[in-house]
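Colleague: Next come a sequence and a model predicted from it.
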Amino acid sequence: MGQAKRQWILPVVLTVVLFGGMLVAACIGVIPIPVKVVLQSVGQKFGLFGNVQIADYYQVTLWQLRIPRVVMSVLAGASLALCGGVFQSIFRNPVCDPYILGISSGASMGAAVAFILGWDAVVFGVTLPALVTALLTLLVILGIARLKGKHNTNTLLLVGIALNFLISALITLLIVVNQKEMHKIYFWTMGSLTHVSWLEIAWLLPIMAVCVGVLFYHSKALNIMQVGTEMAQTLGVNTQRTTYVVLVTSSVLIAVVVAFCGSIGFIGLIMPHVARILFGSDNRKLFTYSLFFGAFFLLVADTLARTIAAPAELPVGSITALAGAPYFIYLVLRR
C-alpha cells in the first residue's frame, strides 16, 4: 500500500506544477493580468467570489483569448507527446515522431487549399478541410499497405514516408502558384494557437479522452511486443490487431490536433525520450509522463511565442524547434 501511494506522489506533484504553469501563462501577455484577478475570474466560473468586480477587458482577454489558448496548448502538447511515445514503441524506433506517417502533411494540404479558396474566414474553415485530408491520408496509407498484402510496420512506415514527400511537393506547388496566401500557409504549417476557441476544445476533449483510454489499454500489449512479434504472439498478443488499433487511434488524435493547431514539431520526438531516460521503457509510465512533459513543454513554448516578440507573434513550431533540435543533437552525441 505504501509503495502504491508513493507511485502516485510524482504524478500529483506534476499535476500541481502543470496547473501552476497554466496560471502563470494566463497572467502573461500584452495585457498583464494579476494572479489574484485570474484566480477570482476562474473562481467566478465555478460559483465562487460572486461579489468581486472584475474589469471587462480582463474578462474578455482571459476567456476569449488567453485561457482557451492555455488549455489547448496543454491538450495538444500532451496528445503529441503521447502519440510520439506510441509510435516509437510500435515501430521500435526511437527517432519516430507523430508525423512519420504523413498525417501532418495531409492536414497541411487541406489547410493550404482552404487558405487559397478563402475559407479561413469561416468557422472551421481551415480546421475541417485539414481534418478531412489528414484522415484521408491515413486511409490511403492503410489501403496501400493492404494492397501490398503485408501488414507489418515497415510497410506502413515506407508508405507513409513516400506519401509525406508527395504531399509536401504538392503543397510547395500550391504555394508557388498562389504566393498571395504563402504567408498564411507557411505560418499555419509551423503551428499556431492564435485562433483556438472553446468550440475546438469541446471537440478535442472527448476525442482525446477516448484515444488516450484506448492507448493506455494497449500499453501492456505494446510492452510485450518489444521482445519481438513472434514471442508476443506466443504470449497471446494479437500483434496485427494491436498494431492497427494503436496506429489508427494515434493517427486520429494527431489529425485532430494538427487540424486545430497546425504542425508543431519535436514535442512527439523529444518528450518521450525525456520520459524514457527518467522513468524507463515501461509504456504505462512512459505514456503517463510523456503526457505531462508534452503538456508543459508546449505551454511554455506557446507562452514564449506570444510574448517574446509582442505585439507580433511567432509560430509556436519555431520555438519548439529551437528548443528541441539542440536537445536532440545532444541526445545523439550522448547515446
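Modeller: Arrived safely, thanks for sending. Residues are numbered from 1 along each chain as shown.
Colleague: Going by C-alpha atoms from here, please, whenever you check contacts or count neighbours.
Modeller: Will do.
Colleague: mind listing the strands for the stretch 201-335 of the chain?
Modeller: In the stretch 201-335 of the chain, no strands are found when defined by DSSP state E, counting those that start in this stretch.
Colleague: Where does the prediction get shaky in it?
Modeller: 335 (pLDDT under 70).
Colleague: which residues of it fall in helices?
Modeller: Applying DSSP state H, counting those that start in this stretch to the stretch 201-335 of the chain gives helices spanning 219-225, 229-234, 239-261, 267-279, 283-305, 316-334.
Colleague: Now do the fifth one: which elements does it pack against?
Modeller: Read that as helix 283-305. Judged by 3 or more Cα pairs under 8 Å, 6 or more residues apart in numbering; DSSP states H and E, the packing partners of helix 283-305 are helix 2-27, helix 67-90, helix 219-225, helix 267-279, helix 316-334.
Colleague: can you give me the angle that helix makes with helix 2-27?
Modeller: 20 degrees (axes from the mean of the first three to the mean of the last three Cα atoms, to 10 degrees).
Colleague: Could you do the third one as well?
Modeller: Between the axis of helix 239-261 and that of helix 2-27 there is an angle of 20 degrees, by the same axes, to 10 degrees.
Colleague: Convert helix 239-261 to PDB, retaining C-alpha atoms only.
Modeller: Below are the C-alpha coordinates for helix 239-261, written out as PDB (Å, rounded to 0.1, in the frame of the first residue of the first chain):
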ATOM      1  CA  THR A 239       0.100  -8.200 -32.800                       C
ATOM      2  CA  GLN A 240      -1.600  -7.300 -36.100                       C
ATOM      3  CA  ARG A 241      -4.800  -6.200 -34.400                       C
ATOM      4  CA  THR A 242      -2.900  -4.300 -31.700                       C
ATOM      5  CA  THR A 243      -0.700  -2.600 -34.200                       C
ATOM      6  CA  TYR A 244      -3.600  -1.400 -36.400                       C
ATOM      7  CA  VAL A 245      -5.700  -0.300 -33.400                       C
ATOM      8  CA  VAL A 246      -2.900   1.700 -31.900                       C
ATOM      9  CA  LEU A 247      -1.800   3.300 -35.100                       C
ATOM     10  CA  VAL A 248      -5.300   4.300 -36.200                       C
ATOM     11  CA  THR A 249      -6.100   5.700 -32.700                       C
ATOM     12  CA  SER A 250      -2.900   7.700 -32.600                       C
ATOM     13  CA  SER A 251      -3.300   8.900 -36.100                       C
ATOM     14  CA  VAL A 252      -6.900  10.100 -35.500                       C
ATOM     15  CA  LEU A 253      -5.700  12.000 -32.400                       C
ATOM     16  CA  ILE A 254      -2.800  13.500 -34.400                       C
ATOM     17  CA  ALA A 255      -5.100  14.500 -37.200                       C
ATOM     18  CA  VAL A 256      -7.400  16.400 -34.900                       C
ATOM     19  CA  VAL A 257      -4.600  18.200 -33.100                       C
ATOM     20  CA  VAL A 258      -2.900  19.200 -36.300                       C
ATOM     21  CA  ALA A 259      -6.200  20.300 -37.800                       C
ATOM     22  CA  PHE A 260      -6.700  22.700 -34.900                       C
ATOM     23  CA  CYS A 261      -3.100  23.800 -34.200                       C
END
